[in-house]
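[1] Need coordinates for the following:
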Amino acid sequence: MESQQTQLLESNELANRTDDTLDEESFSHGDDKVRKLAKKLSKKQITWLKQCPVILRVGHVHGMGEVVVVHAGLVPDIPLEQQDPFQVMNMRTINLKTHVPSETRDGTPWEKFWNHRQKKLPAKDRMTVLYGHDRKRGKNIRAYSKGLDSGCVGGGHLTALVIDSKGHNKYVEVKCKGYVK
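    Okay, here's the model as predicted:
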């Protein structure tokens, strides 16, 4: 919890800076492209991004339980309010012994563990997570997790999950063209 608070304080401190005078080499986490992009954002764009949730609560959907949308993943058995925002945006795997998530591919895919845990809950307490972030695994549809990354950035497809008022769903894909890295 302390590291989460530290990260939030650090991110707020950095977001409030008007210029980035930090030494790029010592501060970088291999995120040079992202930092260059961030420097191009206007104050209006930064304000808008700060208002966006890290976890979007969609609500109850028939046949899916509670539905939430995240960029990367969630740690099972941790309330949404206590999820680490960095991990929600970056995780790919989880250590089954420690339940510590990781950005790497070393470990069990987080969604495998998520689905295992959801199946053990009473139906009324189950949650389905919609996410992206992992084009190597591609579209990865499971009972309580829907991985929609179908490689648009690399020229693949952009995938949407369309859910009607009765909870019926379908996947719609369009080919991605002309993406410039």
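
[2] Excluding sequence neighbours, find me the nearest residue to M91.
    Spatial nearest neighbour of M91, excluding adjacent residues (C-beta to C-beta, 6 or more residues apart in numbering): P101 at 3.8 Å. Every C-beta, even on glycine, is put in place using the N, C-alpha and C of the backbone.

[3] hang on, the one you found packs against G73?
    Yes: taking C-beta atoms under 8 Å as the definition, P101 is a contact partner of G73 at 6.8 Å.

[4] what's the overlap in contacts for those two?
    Residues touching both P101 and G73 (C-beta atoms under 8 Å, 6 or more residues apart in numbering): Q87, M91, W110.

[5] among the residues you listed, who's most crowded?
    M91 (28 neighbours; other C-beta atoms under 10 Å).

[6] show me the contacts for it.
    So, once contact is read as C-beta under 8 Å, 6+ apart, M91 ends up touching A72, G73, V75, P101, S102, E103, W110.

[7] per-domain residue ranges of this structure.
    What automatic domain parsing lists as the domains of the chain is 2-51, 56-175.

[8] circling back to that earlier point, what's the neighbour count on the residue nearest to M91?
    25.

[9] Kindly provide the distance from it to L41.
    Here the criterion is C-beta to C-beta, to the nearest Å. By it, P101 lies 27 Å from L41.

[10] Could I have the buried ones of the contacts of M91 as PyMOL selection syntax?
    Buried residues within the contacts of M91, by 16 or more other C-beta atoms under 10 Å, are selected in PyMOL with:
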select buried, resi 72+73+75+101+102+110
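
[11] so H62 makes contact with N169?
    No: applying C-beta under 8 Å as the test, H62 and N169 come out as separate, 10.2 Å apart.

[12] which residues sit in contact with the spatially closest residue to A143 that is not a sequence neighbour?
    Using C-beta to C-beta, 6+ apart and skipping residues adjacent in sequence, the residue nearest A143 is N115, 5.7 Å away. By C-beta under 8 Å, 6+ apart, the contact set of N115 is R142, A143, Y144, S145.

[13] want to try JSON lines for these, with distance to K97 as columns?
    Output for the contacts of N115, formatted as JSON lines (distance: C-beta to C-beta, whole Å):
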{"residue": "R142", "distance to K97": "22"}
{"residue": "A143", "distance to K97": "24"}
{"residue": "Y144", "distance to K97": "22"}
{"residue": "S145", "distance to K97": "21"}
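
[14] Of the residues you listed, which pair is most distant in space?
    A143 and S145 (7.7 Å; C-beta to C-beta).
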